[in-house]
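Asker: Sequence isn't available, so here's the structure alone:
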């Protein structure tokens with residue numbers, strides 16, 4: 001039995017991503033839009049950037065990815 005992949009949209013904010021991670025008890029979250037993986041947000045990314053996030057206006061999570069991936073699988 002496999003576990004479904006938990007994903008989040010790139011336009012989500014860091015607080016929402018942290019909430020999803022906590023709810024699903026995961027440390028990595030796939031950032032996906034329209035079946036395209038934009039990167040993986042980690043708990044370390046959230047921890048490292050939370051203070052900056054709280055000091056600034058909410059921005060989408062792509063800004064906080066440590067190493068964004070830009071590829072897609074051709075159908």
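Answerer: That came through fine. Since we're looking at a predicted model, the values are computed, not measured.
Asker: Secondary structure element for residue 18, which one?
Answerer: Element membership of residue 18, judged by DSSP states H and E, is helix 14-24.
Asker: Let's test this: mean pLDDT of that helix, rounded?
Answerer: Predicted confidence along helix 14-24 averages 93 (mean pLDDT).
Asker: got the angle for the following helix or strand past that helix vs helix 14-24?
Answerer: Beyond helix 14-24 on the C-terminal side, the first helix or strand identified by DSSP H and E is strand 28-33. With axes from the mean of the first three to the mean of the last three C-alpha atoms, to 10 degrees applied, the angle from strand 28-33 to helix 14-24 works out at 120 degrees.
Asker: tell me which residues in the helix holding residue 18 are buried?
Answerer: By neighbour count, with 16 or more other C-beta atoms under 10 Å as the criterion, the buried positions of helix 14-24 are 14, 17-18, 21. Quick note: C-beta positions are derived from backbone N, CA and C, even for glycine.
Asker: what does stretch 4-15 give?
Answerer: By neighbour count on 16+ other C-beta under 10 Å, the buried set for stretch 4-15 is 8, 10, 12-14.
Asker: These into a markdown table, with extra columns for distance to residue 43?
Answerer: Below are these laid out as a markdown table (distance: C-beta to C-beta, whole Å):
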| residue | distance to residue 43 |
| --- | --- |
| 8 | 13 |
| 10 | 18 |
| 12 | 15 |
| 13 | 16 |
| 14 | 12 |
